[in-house]
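Asks: Return atomic coordinates for the entry below.
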Amino acid sequence: MKILSIIEKSKQFWFLLVVLFSFFLLRLPSLFEPYWYGDEGIYQVLGMGMNQGRILYRDIWDNKPPLLYMLYALFSSDQFTLRAVSLVFGLLSIIVFFFLAKKLFYSQSGGNKIAFFTTSIYSVLFGLPLLEGNIANSENFMLFPILLSGFLIVKLYSPRVIPAKAGIQNKNDMDSHFHGNDKKKYLILFLAGLVLSFAFLFKIVAIFDFAAFILFIFFIEFENIKNLFSSIINVASYILGFIIAIVLTALYFVLNNAFFDFIKAAFMQNVGYVGYGNKFIIPQGLLIAKLFVLSLFILFIFSKRKILKPSTIFVLIWLAFSISNALFSQRPYTHYLLVLLPSFCLFLGLLIWDKRMQKIYLFSLFVLIVILANNFTIYAKTSGYYQNFISFITGSKNVFSYQNFFDRNTPNDYELAQFIRTHTSSNDSIFIWGNNAQVYKLANKLPVGRFTVAYHMSANETYLKETLNAINKSNPKYIIVTSPKNPIPYSVMNYSRIININNSTIYERAF
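Replies: Residues are numbered from 1 along each chain as shown. Reported below is the predicted structural model:
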């Protein structure tokens, strides 16, 4: 038995080693991409601003929670380093995903085939640029803490295989009660909540995972009205762990006189963001309809909780909330699919594991794929992505062509940055009217006001006026308009047009 155990563990080790190395190879080209992705450009500028003493949200602005910007500040907004950190987070998420799948899809023989299968699918889809896994976005950093939180919860109610000789027919069942003292249970749930709070501080959509995990805990713990109180205590332990880091973060902004800026940017601004595309009969009508469908599904799972296996409950609840997460704002951004990836891959495992429900799961999988295909697009140049990298490192493609593959404006951004670096001193300020904040990073400059891109400045009249005041106050040496299709709404009468770099126009201060 010991020999078999050693061989089995060896299988796991070699499997993980191969999967992790394959993931590393799939992500390797991302470390050498040029500065081209607009959202990363914003994060880079915010990280620079924080390192130069600007207070987040009050002095430099974007509409996400602070942890992503803190991470960028920690690593000096260096794209190579942050992509490497994202890669490490991805590797850690694969390891946790594997052990989570093992816990969920246990078997009498102790086999790990389903865990091997689901982990392979997860690592490939996360490693390829298909879903923008190559970009150092919030979602890339969120998955590890989300999975770790889920693993701690599932491990708490760990699988128990009952020997056949015991005369009990149900040989495979996850134990619905924790065997140990309550203090240990509360501590584990507290830690699980604390871990998930870090995902929330990367992006507030982690609230969906939070809700899914809370419901799972409650569904497993709650048997009847007699143990309602103890079930609530367990849920409360998880909630307490979740909110403590968020409260401490809010306290930081209170102490820096930026609390209301923090609340408005990271939370309230997202209300309008979510409203986009969700109008159906009434404003937010489609959103209400989606929440109604989700609620009906959760009530159905609750009503069947005593006949469904806990593994099934966990996967189905998480999948339902992850689908709602991806579709919540009704915006078809590819990287939104990343929040769905773990539960989707576990659902593939559930399809194999729970043979009684395979036909229903297969039909559900088909419907889900149709819905996602109608709402999202995946990165279409995946094969070209790797060909571009190989051609560049082998010298058969020049820098211009390599940069141009990612975005035709990328070479222009580098030219603009080169001009700024060679025509300004450290004391000179610049203002860019455009949506390519990465130029600030490439030129090692900060914007004159809070906002980094034109679509933030033009969000409302207040922001436009605030930006105009910042321009008048700082009197930048250069004003740069990056596209004639997006004319600047401010007067440049005190500036002279001195040069065009491709589609960008550079104005120099006249006096």
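Asks: who are the neighbours in contact with Phe321?
Replies: In this structure, Phe321 makes contact with Phe208, Asp209, Ala211, Ala212, Leu294, Ser343, judged by Cβ atoms under 8 Å, 6 or more residues apart in numbering. Quick note: C-beta positions are derived from backbone N, CA and C, even for glycine.
Asks: what does the model give the residue nearest to Gly193 when sequence neighbours are not counted for pLDDT?
Replies: For Gly193, ignoring the flanking residues on the chain, the nearest one in space by Cβ to Cβ, 6 or more residues apart in numbering is Gly241 at 2.8 Å. pLDDT for Gly241: 98.
Asks: and if you look at Ser231?
Replies: Predicted confidence (pLDDT) for Ser231: 85.
Asks: Begin at 59 from now on, thanks
Replies: Will do, 59 is the new start, and the previous item becomes Ser289.
Asks: And what about it, helix, strand or coil?
Replies: Following DSSP: H, G, I helix; E, B strand; the rest coil, the label given to Ser289 is helix.
Asks: and it, what does it touch?
Replies: Ile275, Phe276, Glu279, Phe280.
Asks: what sits against the first one?
Replies: Taking Cβ under 8 Å, 6+ apart, we find Ile275 in contact with Ile211, Leu247, Ser289, Asn292, Val293, Tyr296.
Asks: If you rank these by neighbours, which is first?
Replies: Counting neighbours by other Cβ atoms under 10 Å, Leu247 comes out on top of the contacts of Ile275 with 28 neighbours.
Asks: That one sits in which helix or strand?
Replies: helix 240-260 (DSSP states H and E).
Asks: what domains does the record give for this structure?
Replies: If you go by automatic domain parsing, the domain ranges for the chain are 60-90+121-433, 437-465, 466-567.
Asks: ok, which stretches of the stretch 109-258 of the chain are helices?
Replies: Using DSSP state H, counting those that start in this stretch, the helices found in the stretch 109-258 of the chain span residues 125-132, 137-162, 171-185, 196-214, 240-260.
Asks: what's the third one packed up against?
Replies: Read that as helix 171-185. Under the contact criterion of 3 or more Cβ pairs under 8 Å, 6 or more residues apart in numbering; DSSP states H and E, helix 171-185 touches helix 60-85, helix 137-162, helix 399-411.
Asks: what number of residues lie near the closest residue in space to Leu104 that isn't next to it in sequence?
Replies: Nearest residue to Leu104, sequence neighbours excluded (Cβ to Cβ, 6+ apart): Tyr127, at 4.5 Å. Residues lying near Tyr127 (other Cβ under 10 Å) number 24.
Asks: Tell me who's in contact with Tyr127.
Replies: Tyr101, Leu104, Gly105, Met108, Leu114, Asp120.
Asks: Please report how far it lies from Tyr95.
Replies: 16 Å (Cβ to Cβ, to the nearest Å).
Asks: cool, Val539 as well?
Replies: Applying Cβ to Cβ to Val539 and Tyr95 gives a distance of 21 Å.
Asks: isn't the residue nearest to Gly251 right up against Phe256?
Replies: No. The pair Gly299 / Phe256 is not scored as a contact, 10.8 Å apart, by Cβ atoms under 8 Å.
Asks: most centrally placed residue in this protein?
Replies: Glu197 (1.0 Å; Cα atoms, centre = their mean).
Asks: Just give the closest residue to it, not the sequence neighbours.
Replies: Counting by Cβ to Cβ, 6+ apart, the residue nearest Glu197 is Leu396, at 3.9 Å.
Asks: show me what contacts the one you found?
Replies: Contacts of Leu396 (Cβ under 8 Å, 6+ apart): Phe184, Leu189, Glu190, Gly191, Asn195, Glu197, Asn198, Met200, Leu201.
Asks: Could you look up the SS state of it?
Replies: Criterion first, three-state DSSP; result for Leu396: helix.
Asks: measure it to Leu89 for me?
Replies: 19 Å.
Asks: Give me the below-cutoff pLDDT ranges for this structure.
Replies: 59-67, 166-169, 217-239, 329-339, 341 (pLDDT under 70).
Asks: repeat that with 80
Replies: 59-67, 165-169, 216-240, 282-285, 328-343, 388-389, 569 (pLDDT under 80).
Asks: Doesn't Glu281 lie inside a strand?
Replies: No. According to three-state DSSP, Glu281 belongs to no strand; its state is coil.
Asks: For the stretch 309-458 of the chain, which segments are assigned as helices?
Replies: According to DSSP H, counting those that start in this stretch, the helices that the stretch 309-458 of the chain contains are 317-321, 327-333, 343-361, 368-385, 399-411, 416-433, 440-451, 457-464.
Asks: Now render these as JSON lines, adding distance to Thr139.
Replies: Listed next are the helices of the stretch 309-458 of the chain as JSON lines, based on distance: least, Cβ to Cβ, whole Å:
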{"stretch": "helix 317-321", "distance to Thr139": "26"}
{"stretch": "helix 327-333", "distance to Thr139": "28"}
{"stretch": "helix 343-361", "distance to Thr139": "38"}
{"stretch": "helix 368-385", "distance to Thr139": "29"}
{"stretch": "helix 399-411", "distance to Thr139": "24"}
{"stretch": "helix 416-433", "distance to Thr139": "33"}
{"stretch": "helix 440-451", "distance to Thr139": "19"}
{"stretch": "helix 457-464", "distance to Thr139": "19"}
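Asks: Compare these and give me the one nearest Trp72.
Replies: Nearest to Trp72 among the helices of the stretch 309-458 of the chain is helix 399-411; the distance by Cβ to Cβ comes to 20.3 Å.
Asks: Other residues contacting that closest one?
Replies: 151, 155, 158-159, 162-163, 172-173, 175-177, 179-180, 183-184, 189, 201, 204-205, 208, 369-370, 373-374, 376-377, 379-380, 416, 419-420, 423, 426.
Asks: Separate out the buried members of those residues.
Replies: Burial by neighbour count, judged by 16 or more other Cβ atoms under 10 Å, picks out 151, 155, 158-159, 162-163, 172-173, 175-177, 179-180, 183-184, 189, 201, 204-205, 208, 369-370, 373-374, 376-377, 379-380, 419 from these.
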